[in-house]
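Peer 1: Using only what follows, build the 3D model:
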Amino acid sequence: MFDLYQRVSLNCDFPEHHLKKGDVATLIDYVPHPSNGEQGSVLEIFSATGESIAVVIVPISAIYPLSC
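Peer 2: All right, here's what the predicted structure looks like:
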C-alpha cells in the first residue's frame, strides 16, 4: 500500500485521461472495485506550475512510488 498524499508515477499510458507513463501525481484516496476486482487509486494530477488539472481513478497496479 502507498501512503495517502504520496507522490507517485504512472507505469502505463491512460489516453482517455491524456496521461502518459512517467507522469507524476499525488495519491489522494483508494476506492474498492465494485465487483471485488483490483482496488483503484484516486490521483490528483498537477501541471508543471503546480495547478490541479485533473482527478482520475486508475488501478493500484498502474502506479509506483517516486524515489526520494
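Peer 1: Need the three-state assignment for the residue sitting nearest the centre point of the chain.
Peer 2: In the chain, the centroid-proximal residue (CA atoms, centre = their mean) is residue 43; its distance is 3.8 Å. At residue 43, secondary structure determined by DSSP: H, G, I helix; E, B strand; the rest coil is strand.
Peer 1: Now do the contacts for it.
Peer 2: Contacts for residue 43 (CB atoms under 8 Å, 6 or more residues apart in numbering) come out as 8, 25, 26, 27, 28, 55, 56, 57, 58, 63. C-beta coordinates here come from the backbone N, C-alpha and C atoms, glycine included.
Peer 1: Cross the residues you listed against strands and list the overlap.
Peer 2: Those of the contacts of residue 43 mapping onto strands are 8, 25, 26, 27, 28, 55, 56, 57, 58, 63, per DSSP state E.
Peer 1: Got a quick PyMOL command for the buried subset of the residues you listed?
Peer 2: The following PyMOL line selects those of those that are buried, judged by 16 or more other CB atoms under 10 Å:
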select buried, resi 8+25+26+27+56+58+63
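Peer 1: For the ones in strands among the contacts of residue 43, give me JSON lines that also has pLDDT and distance to residue 34.
Peer 2: Compiled in JSON lines, the ones in strands among the contacts of residue 43 are given as follows (pLDDT from 0 to 100; distance: CB to CB, whole Å):
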{"residue": "8", "pLDDT": "95", "distance to residue 34": "23"}
{"residue": "25", "pLDDT": "94", "distance to residue 34": "22"}
{"residue": "26", "pLDDT": "96", "distance to residue 34": "24"}
{"residue": "27", "pLDDT": "97", "distance to residue 34": "20"}
{"residue": "28", "pLDDT": "97", "distance to residue 34": "19"}
{"residue": "55", "pLDDT": "96", "distance to residue 34": "19"}
{"residue": "56", "pLDDT": "96", "distance to residue 34": "17"}
{"residue": "57", "pLDDT": "95", "distance to residue 34": "12"}
{"residue": "58", "pLDDT": "96", "distance to residue 34": "15"}
{"residue": "63", "pLDDT": "97", "distance to residue 34": "20"}
